[in-house]
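K.L.:
this is the structure alone, sequence omitted:
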C-alpha cells in the first residue's frame, strides 16, 4: 500500500520535473534521501562521504530523469543509478579500508551480557565487508541493504540473479573463513533474536 | 578451536549482523543542500552546442588539404625513389629538384600543426579546454 502510494507520488513528481517544475524534485529527495544515504553508508562507512555520494546520486538522477524509460519502477532505476555513482566514486577515491586479513577478529566468545564486546564483534564483521574484493563486496552490501532480497540486489547491480547468488555465497564464505568463531560468539543471541527472512543461497 | 558447526549456522550469524544495521538518518541540511545544487544547475543556461554546420566547410577544407598534401608527398617520394638508383648514392641535381615540392608540402603540414598545438596550449592554460 505504502509502496504503491510512493510509486504514484514518484511518477507524479517525475512528470512535474520533466514539465519544468524543479521544486517537484524535492518530493523525490524527501522520500528517497534515507534509503540512498543508508545505501551509500554501506558502501563507504563514512557518514560525511555517504551524504556527498547520495547527493551526487540525486543530482545525476535529476539530470538523467528523462532517461528513465518507466519499464522498471522508479526506485529500481534510482537504486541502479545510485549504485553506479557510488561504484564510480569509490573507484576514483577508494574508501579507506584495511585488507581482510588485517581486520581484527574479536579475542574470544562473548557472554550474553557483554554488549560492548558484541558490538565490537559486529563492527568488525561490517568493516570486513568493505575489505572484500570488489566483485564480492557489492553483492553482499546490496543483498543486506535490500533486506536479503537477491532479486532486488540483482536488479540494482544489473546482473543475473545466479551471478549475484554465486558472488554472495563466495563473499560470505570469505567472511566465514575470516571469522571462524562467529557462530560461537553469537549463539546465545541467535537463539533469542528473531532474524529477518532467510533465503537459501546455495 | 573451531566448534563443529555447519556453514549455514555461520551464515545465520553473518545474516543477523549485517541485516540488523542501524538506520542512518540524513542530516537536517541534506535535503536543502541537494535542492540548492539542483536549483543552481537548473538556473544555469544550457551549454552552447558546437556549431557543426558552420564548422563543416572548414573541416572539409582541412581534410582535403591534408589528404592532398599526403597524396603529393607520397607521389613525390615515389617518383624520386624511382629516379634514384642504388648504384648512385649521391643526390643529383635532378633528384634535388624533384624533392623540392616535398619540402614545401612538409612545411605546409607542419606549420598548421604547430599553430594548432600552440593555440590548444594557450586555451588549456586559460581554462577554456
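P.N.:
Received the coordinates, thanks. Bear in mind that the values here come from a model prediction, so they are computed numbers and not experimental data.

K.L.:
point out the residues in chain B that sit beside chain A.
P.N.:
Contact residues (C-beta under 8 Å from any C-beta of the partner chain) of chain B with chain A: B:2-3, B:5, B:7, B:9-21, B:23-27, B:30-31, B:33-35, B:37-39, B:41-42. Every C-beta, even on glycine, is put in place using the N, C-alpha and C of the backbone.

K.L.:
tell me where the chain has helices.
P.N.:
With no chain named, the answer covers chain A. Taking DSSP state H as the test, the helices found in chain A are A:2-18, A:25-44, A:47-63, A:74-92, A:115-130, A:134-145, A:150-157, A:161-178, A:182-192.

K.L.:
actually chain B
P.N.:
Secondary structure of chain B by DSSP H: the helices cover B:7-19, B:30-43, B:52-83, B:93-125.

K.L.:
just those helices: most buried one?
P.N.:
Comparing those by mean neighbour count (mean count of other C-beta atoms under 10 Å in any protein chain shown), helix B:7-19 ranks first with a mean of 20.

K.L.:
sorry, back to before: least reliable of the helices of chain B by average pLDDT, please.
P.N.:
With a mean of 79, helix B:7-19 has the lowest mean pLDDT of the helices of chain B.

K.L.:
quick one: low-confidence ranges for chain A?
P.N.:
Residue ranges of chain A with pLDDT under 70: A:1-4, A:96-115, A:181-202.

K.L.:
if you count neighbours, what's buried in stretch A:80-96?
P.N.:
Going by neighbour count (16 or more other C-beta atoms under 10 Å in any protein chain shown), the buried part of stretch A:80-96 is A:81-83, A:85-86, A:89-90.

K.L.:
please produce CSV containing those, extended by distance to chain B.
P.N.:
Shown next, in CSV, are the buried residues of stretch A:80-96 (distance: C-beta to the nearest C-beta, whole Å):
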residue, distance to chain B
A:81, 15
A:82, 13
A:83, 17
A:85, 13
A:86, 14
A:89, 15
A:90, 17
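
K.L.:
farthest-separated two in these?
P.N.:
Spatial extent of the buried residues of stretch A:80-96 (C-beta to C-beta) is set by the pair A:81 and A:90 at 15.1 Å.

K.L.:
and stretch A:137-151, what's buried?
P.N.:
A:137-146, A:148-150.

K.L.:
which ones among these also lie next to chain B?
P.N.:
Answer for these near chain B (C-beta under 8 Å from any C-beta): A:140, A:144, A:148.

K.L.:
is the first one in contact with residue A:133, as I believe?
P.N.:
Just to be clear, that refers to residue A:140. No. Under the criterion of C-beta atoms under 8 Å, residue A:140 makes no contact with residue A:133, lying 10.6 Å away.

K.L.:
on that earlier part again, out of the helices of chain B, which is closest to residue A:7?
P.N.:
Closest approach to residue A:7 among the helices of chain B (C-beta to C-beta): helix B:30-43, 20.5 Å.

K.L.:
chain center to the closest one, what's the gap?
P.N.:
32 Å (C-alpha atoms, centre = their mean, to the nearest Å).

K.L.:
contacts for it?
P.N.:
A:22, A:25-26, A:29-30, A:33, A:37, A:51, A:54-55, A:58-59, A:62-63 (C-beta atoms under 8 Å, 6 or more residues apart in numbering or on different chains).

K.L.:
quick one, which of those are buried?
P.N.:
Among the contacts of helix B:30-43, the ones that count as buried by 16+ other C-beta under 10 Å are A:25-26, A:29-30, A:33, A:37, A:51, A:54-55, A:58-59, A:62.

K.L.:
could you list which of the residues you listed also contact chain B?
P.N.:
Within the buried ones among the contacts of helix B:30-43, those near chain B by C-beta under 8 Å from any C-beta are A:25-26, A:29-30, A:33, A:37, A:51, A:54-55, A:58-59, A:62.

K.L.:
got the residues you listed as TSV, with distance to residue A:167 columns?
P.N.:
TSV is the format used below for these (distance: C-beta to C-beta, whole Å):
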residue	distance to residue A:167
A:25	34
A:26	37
A:29	31
A:30	33
A:33	28
A:37	25
A:51	28
A:54	24
A:55	28
A:58	28
A:59	29
A:62	31
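
K.L.:
much appreciated, bye for now.
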